[in-house]
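Asks: test case, fold it:
(chains A and B)
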2 protein chains.
Amino acid sequence: MLPEKTIERLSMYRRVLTVHQEKGNDFIYSHELASILHLTAVQIRRDVMLIGYTGTQRKGYLITDLIQKISEILDDEVSVNAIIIGMGHLGKAISNYFNSNRSNIKIIAAFDKDQTKVDRIISGIKSYHIENLNKIIKSDNCKIAILSMSPKDAQNVADALIYNGIKGIMNFTSVPLNVPETVYVENYDMITSIEKVAYYVKKN
Amino acid sequence: MLPEKTIERLSMYRRVLTVHQEKGNDFIYSHELASILHLTAVQIRRDVMLIGYTGTQRKGYLITDLIQKISEILDDEVSVNAIIIGMGHLGKAISNYFNSNRSNIKIIAAFDKDQTKVDRIISGIKSYHIENLNKIIKSDNCKIAILSMSPKDAQNVADALIYNGIKGIMNFTSVPLNVPETVYVENYDMITSIEKVAYYVKKN
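Replies: Alright, predicted model coming up:
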């Protein structure tokens, strides 16, 4: 298994490579990729070597091949179904973002407990009442859930998700979740990020 | 200057400590904090020692003192003014989140180029047309900006922000920004996070 930071960088490389390819480029040098992403060329060459790919010194990396290689590492062979819980502003923002970016991960259903937000299409995604969680997860073989709901129900919803077979959670609620070791949780908290920005602004 | 990861953890400790304090607790052991945040007690003791604080072996850390110490490290003496650019769903989600969580950072103005979103209060924040950027940044001494707008204008807006004195940017646009070395940028990309979750689910 590759380290978390490597996985994050591979995902970023792929996105930059795709944009570069759409602009009509066939090759990219590690130093170009490095400059776009504010990393070092050494870091990029190390990551790319780690996944068993090499470029040519003269022309750099062949973009299609490198995208292909990264996709073999990151993606499942078939697309992965995810669900999202909480269709407030954050849930809608995430859904729109996914709809407008190519990804191997598809958000196939949304859930909310607010009656005005269920049994309709919101941001391109069919939204169900939270009571239908069990049925949808099973029928669509979902393994990933995105939590964009209010913090106070987060642990209860996480418990229900895991009970129904969810193996990975992207947690935007800022509540630390208790999950079994077999479940992977990625937490994101906006306030932590912005407090970090404020710290470095203060220090500079 | 403390490492980025330490700053992130200190911010998380403070949030957990605040919740713990509100529940009526005066003390917390490093192993309790560790268990809530899924870290090791050793890690927490190391971070806390790094900022020059120590608990007692018998009772653990005195919560008010530790919060105070972390705040001295993270916060400015006065609250820090931030602005947010882009009041779509993501901008509203971030604004609501800040309004409902105590933080030393205050979002004092929002900007959008959409006429229907300007000259009114959105999610508790006064929203202006982007043309007024310069005036507001100067008059309110803003140093921090949150970019929650569409990716295509991101670099132009970042340039304008920096020209007008912004020193730290929280970038949610997924576009890598070119900024001078004196400006700190923290990037967040949802797709990277969720691809990471998918990778570990696949591997487990």
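
Asks: strands paired with the biggest strand by length in chain A, and their directions?
Replies: Counting residues, the longest strand found in chain A (DSSP state E) is strand A:105-112. Looking at strand A:105-112 with DSSP bridges, its partner strands are strand A:80-85 (parallel), strand A:125-129 (parallel).

Asks: what about the helix or strand following it, near chain B?
Replies: Moving toward the C-terminus from strand A:105-112, the next helix or strand (DSSP states H and E) is strand A:120-122. No - residues of strand A:120-122 are not located near chain B by Cβ under 8 Å from any Cβ of the partner chain, the shortest gap being 10.5 Å. Placement of C-beta: from N, CA and C, glycine included.

Asks: state the mean pLDDT of strand A:120-122.
Replies: Averaged over strand A:120-122, pLDDT sits at 95.

Asks: packing partners of that strand?
Replies: helix A:89-99, strand A:125-129 (3 or more Cβ pairs under 8 Å, 6 or more residues apart in numbering or on different chains; DSSP states H and E).

Asks: now render the ones you listed as a markdown table, adding mean neighbour count.
Replies: Shown next, in a markdown table, are the helices and strands packed on strand A:120-122 (neighbours: other Cβ atoms under 10 Å in any protein chain shown):
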| stretch | mean neighbour count |
| --- | --- |
| helix A:89-99 | 22 |
| strand A:125-129 | 18 |
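
Asks: can I get the ones you listed in a markdown table including mean pLDDT?
Replies: Below are these laid out as a markdown table (pLDDT from 0 to 100):
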| stretch | mean pLDDT |
| --- | --- |
| helix A:89-99 | 91 |
| strand A:125-129 | 96 |
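
Asks: out of these, nearest to residue A:174?
Replies: Closest to residue A:174 of the helices and strands packed on strand A:120-122 is helix A:89-99 (Cβ to Cβ; 11.3 Å).

Asks: and chain B, is the closest one touching that?
Replies: Yes - counting by Cβ under 8 Å from any Cβ, chain B has neighbours in helix A:89-99: A:89, A:90, A:92, A:93, A:94, A:96, A:97, A:98.

Asks: what's the answer for stretch A:20-28, then?
Replies: No - taking Cβ under 8 Å from any Cβ as the criterion, stretch A:20-28 and chain B are apart, separated by no less than 11.8 Å.

Asks: what does that stretch contact?
Replies: A:17, A:55, A:59, A:60, A:61, A:62, A:63, A:64, A:66, A:67 (Cβ atoms under 8 Å, 6 or more residues apart in numbering or on different chains).

Asks: need the max-distance pair from those residues.
Replies: Pairwise across these, and taking Cβ to Cβ, the largest span is found between A:59 and A:67, at 15.8 Å.

Asks: quick one: which of these two has more around it?
Replies: More crowded of residue A:59 and residue A:67, by other Cβ atoms under 10 Å in any protein chain shown: residue A:67, with 18 against 11.

Asks: now that one: phi and psi?
Replies: Note on residue A:67: its backbone torsions stand at phi -60, psi -50 [degrees, to the nearest 10].

Asks: element containing the residue nearest to it when sequence neighbours are not counted, please.
Replies: Leaving aside its chain neighbours, residue A:67 sits nearest to residue A:17 (5.1 Å; criterion: Cβ to Cβ, 6 or more residues apart in numbering or on different chains). For residue A:17, the host element (DSSP H and E) is helix A:4-22.

Asks: in that helix, which residues are buried?
Replies: Across helix A:4-22, burial judged by 16 or more other Cβ atoms under 10 Å in any protein chain shown covers A:6-17, A:20.

Asks: hmm, residue A:145 is touching residue A:165, no?
Replies: No - in this structure residue A:145 lies outside contact range of residue A:165 using Cβ atoms under 8 Å: 10.1 Å.

Asks: so residue A:194, which state does it fall into?
Replies: Three-state assignment for residue A:194 (DSSP: H, G, I helix; E, B strand; the rest coil): helix.

Asks: coming back round to it: compare residue A:145 and residue A:165 (neighbour count), which wins?
Replies: Taking neighbours as other Cβ under 10 Å, residue A:145 and residue A:165 compare with residue A:145 leading, 28 against 12.

Asks: and that one, what helix or strand is that in?
Replies: strand A:144-147.

Asks: okay, now the domains of chain A?
Replies: As assigned by automatic domain parsing, chain A contains the domains A:4-73, A:80-191.

Asks: tell me which of those sits most buried.
Replies: domain A:80-191 (a mean of 19; mean count of other Cβ atoms under 10 Å in any protein chain shown).

Asks: and the end-to-end length of it?
Replies: This stretch, domain A:80-191, spans 29 Å end to end (Cα to Cα, to the nearest Å).

Asks: residue contacts, the most far-flung residue of chain A relative to its centre?
Replies: Largest separation from the mean C-alpha position in chain A: residue A:58, at 33.7 Å (Cα atoms, centre = their mean). If you count contacts by Cβ under 8 Å, 6+ apart, residue A:58 has none.

Asks: avg pLDDT for the helix holding residue A:17?
Replies: Per-residue scores along helix A:4-22 average to 92.

Asks: direction included, what does the helix or strand that it is followed by pair against?
Replies: Heading C-terminal from helix A:4-22, the first helix or strand you meet, by DSSP H and E, is strand A:27-28. Sheet pairing of strand A:27-28 (DSSP bridges) gives strand A:61-62 (antiparallel).

Asks: same list (the domains of chain A) but as TSV, adding distance to residue B:74.
Replies: Listed next are the domains of chain A as TSV, based on distance: least, Cβ to Cβ, whole Å:
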stretch	distance to residue B:74
domain A:4-73	23
domain A:80-191	11
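
Asks: hmm, back to that, looking at the residues of helix A:89-99 next to chain B, which is nearest residue A:152?
Replies: Once Cβ to Cβ is applied, the member of these that ends up nearest residue A:152 is residue A:90, at 15.0 Å.

Asks: for the nearest residue to the closest one once chain neighbours are set aside, what are its contacts?
Replies: Nearest non-adjacent residue to residue A:90, counting by Cβ to Cβ, 6+ apart: residue B:93, 3.8 Å away. When contacts are counted by Cβ under 8 Å, 6+ apart, residue B:93 touches A:88, A:89, A:90, A:93.
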